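1. quick check, what structure comes out for this input:
(2 chains)
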Amino acid sequence: MPTLSLMPPEFSVLRDENKCIKCLACARQCGFDAQKYDAEDDRLYTIDANCVNCQRCVSICPVGALTIYKNPPPMRPNAYWSEGHLRNIIKQAETGGVLLTGMGNDQPFPSYFDRLLLNASQVTNPSIDPLREPMELRTYLGSRTEPVTLQEGQDEKTRTPLVPLETPIMFSAMSYGSISHEAFESLARAAKEFGTMFNTGEGGLPEDLYQYADHAVVQVASGRFGVHTGYLNAGRIIEIKIGQGAKPGIGGHLPGEKINAAVSATRMIPEGTDALSPAPHHDIYSIEDLKQLVFTLKEATRYQKPVSVKVSAVHNVAAIASGIARAGADIITVDGFRGGTGAAPTMIRDHVGIPIELAIAAVDQRLREEGIRNQVSLVAAGGFRSSADVVKAIALGADAVYIGTAALIALGCHLCQKCYTGKCSWGIATQDPYKTRRLNPEIGAERLYNLLRGWSHEIKEMLGGMGINSIESLRGNRLHLRGVGLNEVELKLLGVKHAGEAI
Amino acid sequence: MLREGDYRIPSGCAISGFINKDGSRIDGSSIIQSIALMQERSNGLGGGFAAYGIYPEYKDYYALHLLFEDKISRNQVEELIKDNFYIEAEDRIPTRHVRAISKAPLLWRYFVTPRVSKIHESQETEENFMTQLVMRINAQVNGAYVVSSGKNMGAFKGVGYPEDIGEFFRLDEYQAYSWIAHGRFPTNTPGWWGGAHPFTLLDWSVVHNGEVSSYGANRRFLEMYDYKITLQTDTEVIAYAVDLLVRRHKLPLELAARVLAAPFWQEIDRLPARERDLYTRLRVVYGSLLLNGPFSIIVGFSGGIMALNDRLKLRPLVAASKGNTLYVASEEAAIREICPEVEEVWYPRGGEPVIGRLEEEAQCRLSA
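-> Okay, here's the model as predicted:
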């Protein structure tokens, strides 16, 4: 690496010397060595090139002396060669490596959530006030056996129990190892308190968190980290992870630096070794192989756990989903291209996959056309930013959604996209005990609980406005959606009418 | 302007119905009187009736009531009918001239029985064969519409005030053990007779007051079971939902009502284990058939009627009884109008079905 980088710093940290009291908190807390203290000169200074704009120093500065500015692009304006392109090229010219990044796709692709509007009742149909009337968000995940028979016991043995959620929002798969024990525990506790689920991700479940296993979706990914009978039987739902929205088609790589003793014990791999998840499962090269794994897991858990199969939203997702349903899965999880990640090649994250809105619409429609929609639950993931996004996803056809990025933001994440460095100043995407102790799981769980509570209240308000008092009446009810500024193909794919068209 | 069926029209309405549980049959004048009392609740843009037990002489034949907008559609349908059925009898549905009723379509009825060879060909049960044919006519033959298709029952409906429609169809000349009626207040100007209530399928007939905000979810669920939703109305969807639950999935009507107006989870959670399991399964499996939003409905079927409110009771529904007769209506006055000396009047709770069935003896007598 050349000593002099051609890359100008992306951010500048400005310190108001009049305000600064030299408490040194910024220097202590910066995870990226951008804030420095020179004891000899008793001087605080910044190395702008190191700053990732994670806002940790700004947030904790007791006197508000710090501001981070985005520097102007290092070239004259160019609509085609963006600053991002230049920075990437310079970086690669200096290192020769694959560009890495964290969190979800940040490129300006269209967001269909922002082109969909919801309905409300007027006159002919009273809106329902959630403060006065019951408003039900409970959602069950799993395969439905129909018709319902009155004979008891007969289908009891073959029936895999359904899993109730008190709100149709779960926490996405984020593995222990990629995130800290503190962050992981926060998710687990909040899920339990609210009556929903968290997802272990592919890194197993730490021994001390088995008390939350009843609210865990335990993942089985291509690396099989931390997978054993006890783990499978402890969880409430088992999820086979085929793909992830942020990086469809590729595996995972957790650097050895993040594999400390506890992570090593949970993942069942030696300390300090890289945890490499292969791109495909090496026992799944076709849909019939998937079926074998689904039933292997079901056998291992005596058909007591619904099995979910998680795939990235890719071009042929509807047909893939249909295959998954027919392979015996109880839940299909589709992860859209805005989904986050701890680490992904930038090109993959930003250019592979399709928007979750279109994927939900396509999968739901296909399963209905084939008459098998009731055999599976459809869970959507990938970039849910607000309760309105959730409502729109459910109206398009999802049973429930996963939130990952939103949950991390609730825990303090400021989307600096440097999770893959393991340096997270917020104690989330790091295993450095000096940083992880910044996150108190009790407070983290409370913040997550608050987020779920706020969103659930908002969903109830929106439902009531539509004259609906139960979430199942919204599921797949696309008549409550209207598109704005969408072309005919988009409207057709989403199965919605354009704003202004009557019912 | 689009025809009804091409778009959705929310309506407010009046409903009324009764059943003589001893099977005694009476003519249509009292149901007309009852529904006419609630003229305030309709606006002259739709009225209709369903009557059970009116065709004892043809009780083993499906009575197809049809409306045609022109002769072409009639020819097309008759061809379909001849292909698939033996026709025992056919005639124009008798009408009389009523000043308020104009521009009536062609109204015909056929008493038919499906050809066994055709049923075999379809590899379906007789009832499924019938429902598919009915939906085929509604969906595919332009200008034709099956008003009703059950045995020993018939629906009569059109654009106008219900009392005028009743007069027009000479309902005073039919004898039925149960009658249901509907007066409509659409928020639009439908000019099409097919859009009036009741909606029917086989023996089922539904009159409905309300707007179902879960329509999109209900509809998309039913489409999975080969129901062709042609009319864009809530009521059609309710008729199909009842058909799916009771006829095809063999649920008792009482439980089907608990699907359409499901108990709240907080109620289900308090039930004893066995019931809790059953009700949980019902909601989980048939959640998409929950009718959300305000409604009161009367469902007519062979041998009975059922009245049901949405679970918040956002639309009026009153029940009353005297002797062997069960009355249900939007307003108590509509019942007292035809039965001043009612013995019992009650307001069914939201989601609590009121069901009246023929007594066993009457059932046997009528079907013998």
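
2. what's near enough to touch the spatially most central residue of chain A?
-> Taking CA atoms, centre = their mean, the centroid of chain A lies closest to A:Gly404, which sits 2.8 Å from it. Contacts for A:Gly404 were tallied using CB atoms under 8 Å, 6 or more residues apart in numbering or on different chains; they are A:Phe171, A:Ser172, A:Ala173, A:Met174, A:Gly339, A:Gly340, A:Ala381. Yep, even glycine has a C-beta here, placed from its N, CA and C like the rest.

3. out of those, which is nearest to A:Gly495?
-> A:Ala381 (20.2 Å; CB to CB).

4. which residues touch that closest one?
-> When the contact criterion is CB under 8 Å, 6+ apart, the partners of A:Ala381 are A:172, A:245, A:310, A:333-336, A:339, A:356, A:401-404.

5. convert stretch A:126-145 to CSV, retaining C-alpha atoms only.
-> Output of stretch A:126-145 as CSV, limited to C-alpha atoms (Å, rounded to 0.1, in the frame of the first residue of the first chain):
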residue,chain,number,x,y,z
PRO,A,126,-66.8,3.0,9.8
SER,A,127,-63.2,3.2,10.7
ILE,A,128,-62.4,1.4,14.0
ASP,A,129,-60.7,3.1,16.9
PRO,A,130,-58.0,0.9,18.4
LEU,A,131,-58.4,2.7,21.7
ARG,A,132,-61.9,1.6,22.0
GLU,A,133,-62.1,-1.7,20.2
PRO,A,134,-59.9,-4.8,20.2
MET,A,135,-57.4,-4.7,17.4
GLU,A,136,-55.6,-8.0,16.7
LEU,A,137,-52.1,-8.4,15.4
ARG,A,138,-51.6,-12.0,16.5
THR,A,139,-50.1,-14.0,13.6
TYR,A,140,-49.4,-17.7,13.4
LEU,A,141,-46.6,-19.1,11.4
GLY,A,142,-46.5,-22.5,10.0
SER,A,143,-48.3,-24.9,7.7
ARG,A,144,-52.1,-25.1,7.9
THR,A,145,-53.9,-28.4,7.7
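
6. what does the residue nearest to the centre of chain A show for phi and psi?
-> phi -120, psi -60 (degrees, to the nearest 10).

7. if we ignore the residues flanking it in sequence, what's nearest it?
-> Here the nearest residue to A:Gly404 in space, its sequence neighbours aside, is A:Ser172; by CB to CB, 6 or more residues apart in numbering or on different chains that works out to 3.1 Å.

8. now for A:Arg236, how many residues are close by?
-> 18 (other CB atoms under 10 Å in any protein chain shown).

9. that one and A:Met197 touch, don't they?
-> Yes - counting by CB atoms under 8 Å, A:Met197 is a contact partner of A:Arg236 at 6.6 Å.

10. please enumerate the shared neighbours of those two.
-> Counting by CB under 8 Å, 6+ apart, the residues touching both A:Arg236 and A:Met197 are A:Val163, A:His215, A:Ala216, A:Val217.

11. if I look at the closest residue to chain A within the stretch 51-200 of chain B, how far off is A:Thr124?
-> Per CB to the nearest CB, B:Thr187 is where the stretch 51-200 of chain B lies closest to chain A, at 5.5 Å. According to CB to CB, to the nearest Å, B:Thr187 and A:Thr124 sit 6 Å apart.

12. more crowded one of the two?
-> A:Thr124 (17 against 13).

13. just to be sure, the more buried one is in a helix?
-> No - under DSSP: H, G, I helix; E, B strand; the rest coil, A:Thr124 falls outside any helix and is assigned coil.

14. right, and it touches B:Gly210 too?
-> No - applying CB under 8 Å, one finds A:Thr124 not in contact with B:Gly210, separated by 9.1 Å.

15. just the buried ones among the contacts of A:Ala381, please.
-> A:172, A:245, A:310, A:333-336, A:339, A:356, A:401-404 (16 or more other CB atoms under 10 Å in any protein chain shown).

16. output stretch A:453-468 as PDB, nothing but the C-alphas.
-> In PDB, the C-alpha atoms belonging to stretch A:453-468 read as follows (Å, rounded to 0.1, in the frame of the first residue of the first chain):
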ATOM      1  CA  ARG A 453     -44.600  -1.400  20.700                       C
ATOM      2  CA  GLY A 454     -44.500   1.900  18.700                       C
ATOM      3  CA  TRP A 455     -44.800   0.100  15.400                       C
ATOM      4  CA  SER A 456     -47.500  -2.200  16.600                       C
ATOM      5  CA  HIS A 457     -49.600   0.800  17.800                       C
ATOM      6  CA  GLU A 458     -49.100   2.400  14.400                       C
ATOM      7  CA  ILE A 459     -50.200  -0.700  12.600                       C
ATOM      8  CA  LYS A 460     -53.300  -0.900  14.700                       C
ATOM      9  CA  GLU A 461     -54.100   2.700  13.800                       C
ATOM     10  CA  MET A 462     -53.700   2.000  10.100                       C
ATOM     11  CA  LEU A 463     -55.800  -1.100  10.300                       C
ATOM     12  CA  GLY A 464     -58.500   0.700  12.200                       C
ATOM     13  CA  GLY A 465     -58.500   3.400   9.600                       C
ATOM     14  CA  MET A 466     -59.100   0.800   6.900                       C
ATOM     15  CA  GLY A 467     -62.000  -0.600   8.900                       C
ATOM     16  CA  ILE A 468     -60.100  -3.800   9.800                       C
END
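
17. tell me the buried residues in the least confident helix or strand in chain B by mean pLDDT?
-> Across the helices and strands of chain B, mean confidence by mean pLDDT, DSSP states H and E is lowest for helix B:360-367: a mean of 87. By 16+ other CB under 10 Å, the buried positions in helix B:360-367 come out as B:Ala362, B:Gln363, B:Leu366.

18. TSV please, covering those residues and showing distance to B:Thr230.
-> As requested, these are exported to TSV (distance: CB to CB, whole Å):
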residue	distance to B:Thr230
B:Ala362	35
B:Gln363	33
B:Leu366	32
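
19. among these, which one lies nearest to chain A?
-> Nearest to chain A among these, with distances taken as CB to the nearest CB, is B:Gln363, at 22.3 Å.

20. wasn't B:Leu107 part of a helix?
-> No - counting by three-state DSSP, one finds B:Leu107 to be strand, located in no helix.

21. near it, how many other residues are there?
-> 19.

22. what about the residue nearest to it when sequence neighbours are not counted, distance to B:Pro105?
-> Among residues not flanking B:Leu107 along the chain, B:Ile93 sits closest, at 4.1 Å (CB to CB, 6+ apart). Using CB to CB, we find B:Ile93 at a distance of 11 Å from B:Pro105.

23. any regions of the chain where pLDDT drops low?
-> Since you didn't name a chain, this refers to chain A. Counting by pLDDT under 70, the low-confidence segments of chain A come to A:1-3, A:152-158.

24. if you could check chain B rather than the one you did, that'd help
-> B:1-11, B:188-191.

25. now do the helices in it.
-> Secondary structure of chain B (DSSP state H): helices at B:29-37, B:71-84, B:116-122, B:126-140, B:162-168, B:215-223, B:234-242, B:253-260, B:265-268, B:273-286, B:332-336, B:360-367.

26. need the ones you listed in JSON lines with distance to A:Pro255, can you?
-> Converted to JSON lines, the helices of chain B look like this (distance: least, CB to CB, whole Å):
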{"stretch": "helix B:29-37", "distance to A:Pro255": "77"}
{"stretch": "helix B:71-84", "distance to A:Pro255": "71"}
{"stretch": "helix B:116-122", "distance to A:Pro255": "64"}
{"stretch": "helix B:126-140", "distance to A:Pro255": "61"}
{"stretch": "helix B:162-168", "distance to A:Pro255": "76"}
{"stretch": "helix B:215-223", "distance to A:Pro255": "46"}
{"stretch": "helix B:234-242", "distance to A:Pro255": "56"}
{"stretch": "helix B:253-260", "distance to A:Pro255": "53"}
{"stretch": "helix B:265-268", "distance to A:Pro255": "46"}
{"stretch": "helix B:273-286", "distance to A:Pro255": "43"}
{"stretch": "helix B:332-336", "distance to A:Pro255": "76"}
{"stretch": "helix B:360-367", "distance to A:Pro255": "77"}
